[in-house]
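K.L.:
model this:
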Amino acid sequence: MASIKDVANLAGVAVGTVSRVINNSGAVKPITRRKVEEAIQKLNYIPNEVARNFKMQKSKMVALLLPSIWNPFFSELAYYIEDELDREGFKLMLCNSGGKPEKELYYLDMLRQNKVAGIVGITYNDIENNVSNDIPIVSIDRHFNKKITCVTSDNYEGGRLALRELVKAGSRKPAFMGSVTSVFSETMNRRKGFVHEAQTLGVDVVIYEKPDPIVDEDAYFNEFLSEHGDVDGIFAITDMLAASYIERARKHGIRVPEDVKVIGYDGIQDHPYFHPILSTIRQPVEEMARMAIRLLYNKIEGKPLEQQVHRIPVIFKQGETT
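P.N.:
Reported below is the predicted structural model:
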């Protein structure tokens, strides 16, 4: 890989001249600039972004800290975040934590040292004491005690909507299926809204939850199927969990939606190639992503934000499972 010194040697100039051309700072004669640019192109030289940021005391790099890029919801979110950043000439640094708190702490420390412009963070771990405002940060789905802006969908209304749709589809014994994070997350409001609407309508519901993350999915679903065989409606906390239930229910001879109606949450499975197409509470993923970046820009520029939590409405998307 070519270095800045290689570029300088090929162009016949000093390293400092190459640096001024790259950073577009200081006076450089047009003929000299052309020589440097030709050398950069010939050597396919890629400047060290982090080093440039350090020297210039500014950055065009934004980090996205998320639990798993394998999750389709997080993948879609990352796509729109990168697209919004690209519009303003910012670059995305992806930090895939695998949901491990020690890896999240490692990334946060690394990002502080490398002087990124800001961070968009998605974490469900207890790392409160390690999150600070020394770098502009916007959180998705998670509240922190500090004044950190949070962008989320209206999870509570999503839970209420799911209960109403299950009842409308004919369910008389609906259940909430989920997992409980170690710290409060906006996603926990999905269950709260579901329970509140059930109480309002006078419907008996089952609440089935285990600690997050679910390590043994087979054990999780086997216990549910053995203990709650009379359930005829499921609201799963995510689309992925809903899809996993449908797969296992089929193996137990349970038909969806004939025997059990199923609704997920996220809206990731909306392509006709998927079967069955999941009925779901659709999060406005693109709007959440773009709003998070626009709010982060304001924080980077030092503009005060009056509102700390931004909740975006959700919709019910009818599929083939209700």
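
K.L.:
how about stretch 89-103 as PDB, C-alpha atoms only?
P.N.:
The C-alpha trace of stretch 89-103 is given here as PDB (Å, rounded to 0.1, in the frame of the first residue of the first chain):
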ATOM      1  CA  GLY A  89     -19.900  14.200   2.600                       C
ATOM      2  CA  PHE A  90     -19.700  12.200   5.900                       C
ATOM      3  CA  LYS A  91     -18.400   8.700   6.100                       C
ATOM      4  CA  LEU A  92     -19.700   5.800   8.200                       C
ATOM      5  CA  MET A  93     -17.700   3.700  10.500                       C
ATOM      6  CA  LEU A  94     -19.500   0.500  11.400                       C
ATOM      7  CA  CYS A  95     -19.000  -0.900  14.900                       C
ATOM      8  CA  ASN A  96     -20.600  -4.400  15.200                       C
ATOM      9  CA  SER A  97     -20.700  -5.300  18.900                       C
ATOM     10  CA  GLY A  98     -22.400  -8.600  18.700                       C
ATOM     11  CA  GLY A  99     -24.500  -7.400  21.700                       C
ATOM     12  CA  LYS A 100     -21.400  -7.800  24.000                       C
ATOM     13  CA  PRO A 101     -21.000  -5.100  26.600                       C
ATOM     14  CA  GLU A 102     -17.200  -5.500  26.700                       C
ATOM     15  CA  LYS A 103     -17.000  -4.900  22.900                       C
END
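
K.L.:
any idea of the mean pLDDT for it?
P.N.:
For stretch 89-103, the mean pLDDT works out to 90.

K.L.:
stretch 156-168 now?
P.N.:
The model assigns stretch 156-168 a mean pLDDT of 98.

K.L.:
the chain should start at 47 in everything you say after this.
P.N.:
Sounds good: first residue 47 from here, last item stretch 202-214.

K.L.:
please enumerate the helices of this structure.
P.N.:
Shown for the chain, the helices assigned by DSSP state H span residues 50-57, 61-69, 76-89, 95-102, 118-133, 147-159, 201-214, 235-247, 263-273, 285-297, 331-346.

K.L.:
make CSV out of the ones you listed and add mean neighbour count and distance to Val308.
P.N.:
Placement of C-beta: from N, CA and C, glycine included. CSV is the format used below for those (neighbours: other CB atoms under 10 Å; distance: least, CB to CB, whole Å):
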stretch, mean neighbour count, distance to Val308
helix 50-57, 18, 57
helix 61-69, 18, 55
helix 76-89, 15, 55
helix 95-102, 14, 45
helix 118-133, 18, 17
helix 147-159, 16, 32
helix 201-214, 22, 9
helix 235-247, 19, 14
helix 263-273, 14, 13
helix 285-297, 19, 5
helix 331-346, 19, 21
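
K.L.:
now render those as a markdown table, adding distance to Gly313.
P.N.:
Converted to a markdown table, these look like this (distance: least, CB to CB, whole Å):
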| stretch | distance to Gly313 |
| --- | --- |
| helix 50-57 | 46 |
| helix 61-69 | 43 |
| helix 76-89 | 44 |
| helix 95-102 | 34 |
| helix 118-133 | 8 |
| helix 147-159 | 26 |
| helix 201-214 | 10 |
| helix 235-247 | 13 |
| helix 263-273 | 22 |
| helix 285-297 | 7 |
| helix 331-346 | 7 |
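
K.L.:
which one of these has the lowest average pLDDT?
P.N.:
helix 95-102 has the lowest average pLDDT among these, namely a mean of 53.

K.L.:
quick one: residues contacting Val82.
P.N.:
Val82 makes contact with Val53, Ala57, Val59, Thr63, Val64, Val67, Val74 under the criterion CB atoms under 8 Å, 6 or more residues apart in numbering.

K.L.:
out of the residues you listed, who's nearest Tyr126?
P.N.:
Val67 (33.8 Å; CB to CB).

K.L.:
that closest one against Ala73, yeah?
P.N.:
No: assessed by CB atoms under 8 Å, Val67 is found out of contact with Ala73, at 10.9 Å.

K.L.:
can you tell me how far the residue nearest in space to the middle of the chain is from Ile127?
P.N.:
Centroid-nearest residue in the chain, with CA atoms, centre = their mean: Phe120, separated by 4.2 Å. Per CB to CB, to the nearest Å, Phe120 is found 10 Å from Ile127.

K.L.:
what does Val355 give?
P.N.:
In terms of CB to CB, Val355 sits 19 Å off from Ile127.

K.L.:
try Arg188
P.N.:
Applying CB to CB to Arg188 and Ile127 gives a distance of 16 Å.

K.L.:
go on, Met107?
P.N.:
Met107 is 13 Å from Ile127, by CB to CB.
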